[in-house]
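> here is my input, please return the structure:
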Amino acid sequence: VAASRERLREPPGVRVVALGGDRKGQHSIRITDEWRIWFVWQGAAAHQVEVVDYH
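Next comes the predicted model:
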């Protein structure tokens, strides 16, 4: 379990991106070229987690 957003970047190559627009406040992690995990980071945990078909 990651205790911070920075720990989500382990292993190297994992890309955590802050989203904007109507998704401002959410973050994204790429699973594949097509799939993403979107979430809101609050305190020491991810909330409102979604697995999304990006395209």
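> for this protein, which segments count as strands?
16-18, 26-30, 35-42, 45-53 (DSSP state E).
> got those strands as JSON lines, with mean neighbour count columns?
Every residue, glycine included, has its C-beta placed from N, CA and C. Shown next, in JSON lines, are the strands of the chain (neighbours: other CB atoms under 10 Å):
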{"stretch": "strand 16-18", "mean neighbour count": "14"}
{"stretch": "strand 26-30", "mean neighbour count": "17"}
{"stretch": "strand 35-42", "mean neighbour count": "16"}
{"stretch": "strand 45-53", "mean neighbour count": "12"}
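> how about these in JSON lines, adding mean pLDDT?
Listed next are those as JSON lines, based on pLDDT from 0 to 100:
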{"stretch": "strand 16-18", "mean pLDDT": "88"}
{"stretch": "strand 26-30", "mean pLDDT": "91"}
{"stretch": "strand 35-42", "mean pLDDT": "93"}
{"stretch": "strand 45-53", "mean pLDDT": "93"}
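> at the geometric centre of this structure, which residue sits there?
Most central in the chain under CA atoms, centre = their mean is Ser28, positioned 3.1 Å from the mean C-alpha point.
> distance of it from Glu50?
Distance, Ser28 to Glu50, using CB to CB, to the nearest Å: 10 Å.
> any common contacting residues for the two?
Counting by CB atoms under 8 Å, 6 or more residues apart in numbering, the common neighbours of Ser28 and Glu50 are Ile37, Trp38.
> my guess is the residue nearest to the centre of the chain contacts Val40. True?
No. Between Ser28 and Val40 there is no contact under CB atoms under 8 Å: 11.1 Å.
> residue contacts, the nearest residue to Arg23 once chain neighbours are set aside?
In this structure, Arg23 finds its nearest non-sequential neighbour in Trp38, 7.0 Å apart by CB to CB, 6 or more residues apart in numbering. Contacts for Trp38 (CB under 8 Å, 6+ apart) come out as Leu19, Arg23, Gln26, His27, Ser28, Gln48, Val49, Glu50, Val52.
> out of those, who's nearest Glu34?
Val52 (9.5 Å; CB to CB).
> and the residue lying closest to the closest one once chain neighbours are set aside, what does it touch?
In space, and not counting its chain neighbours, Val52 is closest to Arg36: 5.0 Å by CB to CB, 6+ apart. Residues in contact with Arg36 (CB under 8 Å, 6+ apart) are Ser28, Ile29, Arg30, Val51, Val52, Tyr54.
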